[in-house]
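[1] Whatever this is, show me its structure:
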Amino acid sequence: MVSLDSQELSAFPELLQPYDAEATLARIAGLLACPTLQANTIRIETLVHLAVLHCRGTRRPTPTELRKWLSRTLGGTQIAMLEDPAEDVFITNVEAPQGNFRLFEGIWEANAYFVQVVLETLASEGAPQACKDLLPPALALLRISECIAERLSLPRWRLAPSKPKGDVTVPRPTVVETLARAVTFTPADLVALGVTRESLIPFVFRNEDRDGLASQTTGHTSLERRPLVSFAERIVFALPHCASPAVRRFVLESLHCSGHLRAFSSAMGRKQARQLHRDALREFQGTAEPLESPPADGRMPSLHGWLIRYDLGRYLHVVLLHDNMSELAEGGLSTFREYPEEIRESLEKYLSKVAEHCRELPEFARGVTLLVTGGLGRGFALGLVDWPAGWHMAVVRLADLLIMADELGEPVRRFIKCIEQRDWAESKGVAFINMNGDYNFYCHWRQLKCQLVPRELPVADGSGVVIATDMVRPVREEVRNLLDRHVARTASGAYSPVMRLGRDTYFTSMHKRPIYASIGHLMAGTLGGVVETRRGSSWLLVIPPEQGELLHRVFYELWSGFMNFHERVVVDVESRFPGAPRGPVEVQLDFSSVRAPDESRTAPTSFNVTEPQLDVDLAARTVRIAFPSDFLTLFEQAANAGERSILRSIAHALVSLHGGTSSADDAQFIDALLDRVLVGDAARVLHMFRTHYPIEHLLSRRGQQPRFLSHEDFVFSKLQLWEGCIPPSTPASSSITGTEPCNSFLHKVVEKTWHAIRGILRQLDRAAVIREALAVHEAVNNDRDHWRRTAQAVIAIYSSAEDVFSVAEAREKDRNQIALAARTVLEMALCECPEAGGRRASRHDMDELFAKAAVMIEAATDSDAVHGGLSDARVFLHPNGEYEIDRSFQKTVIRPFVAGHFREEFEDAAGEYPRLYRQRDPDHRARADNAFSRDFSMAFEAEYGLTTSEAIEGWAKLLDAAVEADSVIVETTVGAVRNRLVSVANLSPRAAESFMRAFSLYGRESWEVPPAGFKTKDLHPWRYRRRLSVSTKPILAFGAGDGDKVFYGAATLRTSIGYLLSSSEEGRFPPEFFASKEMKRYVGSVNDERGRAFTLSVAETIRGQGWLARTEVQMTELGASAEFGDIDVLAWKPGSRVQLIECKRLRLARTVAEIAEICGRFRGEAKDELAKHVRRAEWIARSPACLSRIVGFTPSARQIRTRLVTDTHVPMMYLRSLPLRPENIGPLEHAAS
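    Numbers count the residues shown, from 1 in each chain. Here you go, the predicted model:
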């Protein structure tokens, strides 16, 4: 840091002597409370010290003089060069039983965390009175800090751009004066704060402190220890960012003097150990296996350790290193902890011993040691030298690990992957120049979306990546703002720790709303949340019944969902009563008497439930609402009667609390409020529809958590991707041009990635991989069903704040990405994994497989895009091994096309919500021969060798097997399935064999070689409507023998049933999908029939819109030759407009190849499917009078509209290069008629 007797500061004694000490100090100190100057803290705090030392006169400095001192006098020194970009937010927060205390972070590391842990340790149960006596002075100084932030309206987690080094931008004079007043306190100010001057004495700068100040170094000065400078009438907080170090040093010195320092150190160490175990490692709780680590030898440092197996064959050794508080008290916060050689060597040997112990365990794959430094803020100089090969190590401060653990997802696992990837790159020769620790490296990697090596650098010797020192800042800011941890005052007057509710929701509008969950209430067994407004805190507590986990889960969903409504009601009620008293209010929803509905009874047809009872206590500012025992029956209907009842009670309670009474006007206000918040019946929080079939109950259980593609593995898999796919002489940073060369290259990338996948699969046990991949696929299906069931409520609740469809579509994209990767791995593993002798698959293995599968599919998709003309035939090769291709078509065509189709599906799902509440007879099952046409049934039997009834019965009995096993994944044998089909489903042995042959995917010697009767394209997962797909063959059989294993997923099987039957019956599969001539003939005839029906439906619809219309109008009737064919629909409004409509019933394009193919069929070029319609329209445009014989008038060119109407969304709707305008292409409702 800065030595105050540095020669570079020699001009300041004379320079500052004429200036008034109080005025100068206040103005300089105020700059430390200016967010835009955070990066200039070193110069400003140096100037503060110099002002305390040398100001003796009466002059008052101007902003110009301050700017000169900082920018010129100090700007040209090495002191200015010490400045770095800010690494944290400007304002943090300390939570205490007395309230929130905003803290100025400055450039101290984790200022708020360290003072927080000090306060909590001092106040802990069993702490001696000597410790508790230190709390009042510490809190008094924090009140001063809080007051400064309040005076300057600086919110928690405030961060502003600030620039280190260079000129310092001192604010204008009025702002400088405001800042100076903010750090200055009169006796009256202290009284108003409830702070006595005596309580601040430990922090007031003394005359004897001045004596040695000139020879001290910032980071451990007497002014930083006592940052309050007292003048005759006022106190100036000279170093606002030193509240935390001042408190820490005060506590350490005081405890050292009283003899309690050792006990305090032990208590704080235990507390930090609990924090690490409970909070930092919480993502492993319930999933990781704790292990006993071998004992240490020799003299060891103070530490806590944990050894866990967090994945199959993967180990994490976490070691929390404690500091020596006596050394810290003596040496200061800016020193480093250095172990004596004996202790350093013992620690090193111990860490190596644990690593070697893990390496000897069965199935060992990888391990990492995470060294976590605790204490109160100083760094650790560990000096570790020897390290076991193949074992990773990272060092991180506890404060940073706690922030990391608050990220969404599984951040510690992500951090471990980051360290492993870094070590891999370093083994390849890449050098990472990182001066700010492993957490800073992780934040750099995270900010670059897991891009380990920049594209412009090869993964080889000589590549160097410089990591900026402030990469931690945006991550810290993001996490702090997302959680917004603080305390909120309750109606009892106590404070409860809270954090933002909904931070992990997909809807970002929730991320900034003042809705918080109470950690304190949750620990006491009550669901508590609070909405904070300028008026005060409005609490909503839910008291659940004591009836087991299921009901608790129901009421958690109810409470968390109602907090959103609660906020809107609070805002509206408070706007009605602007003069309502400030302070907290509390509404308690008492469900303690509520009972779960009896599932054995029939669903209710009437919903007469006793009204909730309100008990209002105006003195205590609380309302207790007691709900009757049968209240949950209100939720067993499609209408939101239950939500309305609760919300009406909450609104009534708040009106009573703020208004004192309730009138008829209030009742009208509440009715209107409910209509605004719950628009119609769609807004639902609790969905209590009944599952009528056992399989529905099994699949609807929420125990399955979806797992999506690991982005960090996906990006990592692209490094060195093109190596080996081009001639060795090809330079990096080059490009490949031309359709054939580009496709050849991309095919090699696909082949290379497939070989990498095969290499992994051949090491793994077949059953283990299939079990894991099926679990992922099943969870994704479950998640999709949940979103579809709740689509109506999601639209109603969130559509006013954001684009619900975009959020839901992004979720669906994530689901599709991992589902396709999972199916790919399933199909490959069935052939490539050994049945015996392979090792079990870890989660890390599966993440890598899914990622490589996704990379392979992406490359194949790029090839299809080039081949189909959707993308320019040019591939750029980056030095790091990635390739780049023009994917603008994704943005201009595919994304809007997919979004449009998804919106239709999501809206359809929303419209289906009432059906979920309809009573159904679980014993009644419609006969297949009544559900399908005779023609389809005959074609189905010819194709598959069994009737539709037999197929459906067989599927049903396999689903029953899942219910009996109480598992969504069924593991059995071929013989057991055959036996079940025969003995339980009553299929003949021949039909059972046909069933297995038709709907099973069998293991083969090699995945890349299709079985007889199939083509290579049936293998490729980037193709849709494949014959060798889990989507149509969901039964995974290792072989055809009775003893061979069989796996299937219940949801996968159920989805496949519907997909196969509906697509076949509706003719959505291409004829080549089938083998029998009967089914091919059926598909052709049904498509012809439905094509004609579609044309008739278009005509009927357009007639309903007020048009006259004819179908299949021959062009010969208009005077053209027969080669022009006919107009599918000719529509007109007499004397006004004419529409020439071509009707096309098309299969929905699902892949890039299909999109390219369908776009190619409708380019309007010679002989394609749009060309004839365009020719007809052009002919009519040249001879419009020909229409008069049918429509009764001769339209002008502007009165004729040429359209291509389809039965589904089509990608041509988004192409700009067609002879038809985009708005004239697509479903009839796509554009106004």
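
[2] what helix or strand is the nearest residue to Val776 once chain neighbours are set aside on?
    Setting aside the residues directly before and after it, Val776 is nearest to Ala822 in space (CB to CB, 6 or more residues apart in numbering), at 4.7 Å. For the C-beta atoms, the positions are set from N, CA and C on the backbone; glycine is no exception. Assigned by DSSP states H and E, Ala822 belongs to helix 804-832.

[3] which secondary structure elements does that helix contact?
    helix 739-761, helix 766-789, helix 791-798, helix 843-867, helix 895-911, strand 1000-1002 (3 or more CB pairs under 8 Å, 6 or more residues apart in numbering; DSSP states H and E).

[4] What angle do helix 804-832 and the fourth one make with each other?
    Counting by axes from the mean of the first three to the mean of the last three CA atoms, to 10 degrees, helix 843-867 lies at 110 degrees to helix 804-832.

[5] After helix 843-867, which helix or strand is next?
    That would be, after helix 843-867 and using DSSP H and E, strand 874-877.

[6] Domain-wise, how is this structure divided?
    7-259, 262-405, 484-657, 695-917, 928-1065, 1084-1230 (automatic domain parsing).

[7] Distance from the chain centre to the fourth one, please.
    Pointing back at domain 695-917 there. 17 Å (CA atoms, centre = their mean, to the nearest Å).

[8] Quick check: which ranges of the stretch 651-800 of the chain have low pLDDT?
    Low-confidence segments of the stretch 651-800 of the chain (pLDDT under 70): 661-662, 690-692, 701-703.

[9] Enumerate the positions of stretch 90-98 that are buried.
    Residues of stretch 90-98 classed as buried: Phe90, Ile91, Thr92, Asn93, Val94, Glu95, Ala96 (neighbour count, 16 or more other CB atoms under 10 Å).

[10] That should have said stretch 1130-1137, apologies.
    Counting neighbours by 16+ other CB under 10 Å, stretch 1130-1137 gives Leu1130, Ala1131, Trp1132, Lys1133, Arg1137 as buried.

[11] Kindly report the same for stretch 8-27.
    Those would be 8-9, 12, 15-16, 19-27, for stretch 8-27 by 16+ other CB under 10 Å.

[12] Would you confirm that Leu159 contacts Ala86?
    Yes: Leu159 lies in contact with Ala86 (CB atoms under 8 Å); the separation is 7.4 Å.

[13] More neighbours: which of the two?
    More crowded of Leu159 and Ala86, by other CB atoms under 10 Å: Ala86, with 27 against 19.

[14] Lowest mean pLDDT among the helices and strands, pick that one out for this protein.
    Using mean pLDDT, DSSP states H and E, helix 928-931 stands out as the lowest-scoring helix or strand of the chain, at a mean of 69.

[15] Downstream of it, the next helix or strand is which one?
    Next in sequence after helix 928-931, counting helices and strands by DSSP H and E, comes helix 934-944.

[16] residues in contact with Gln451?
    Trp445, Val715 (CB atoms under 8 Å, 6 or more residues apart in numbering).
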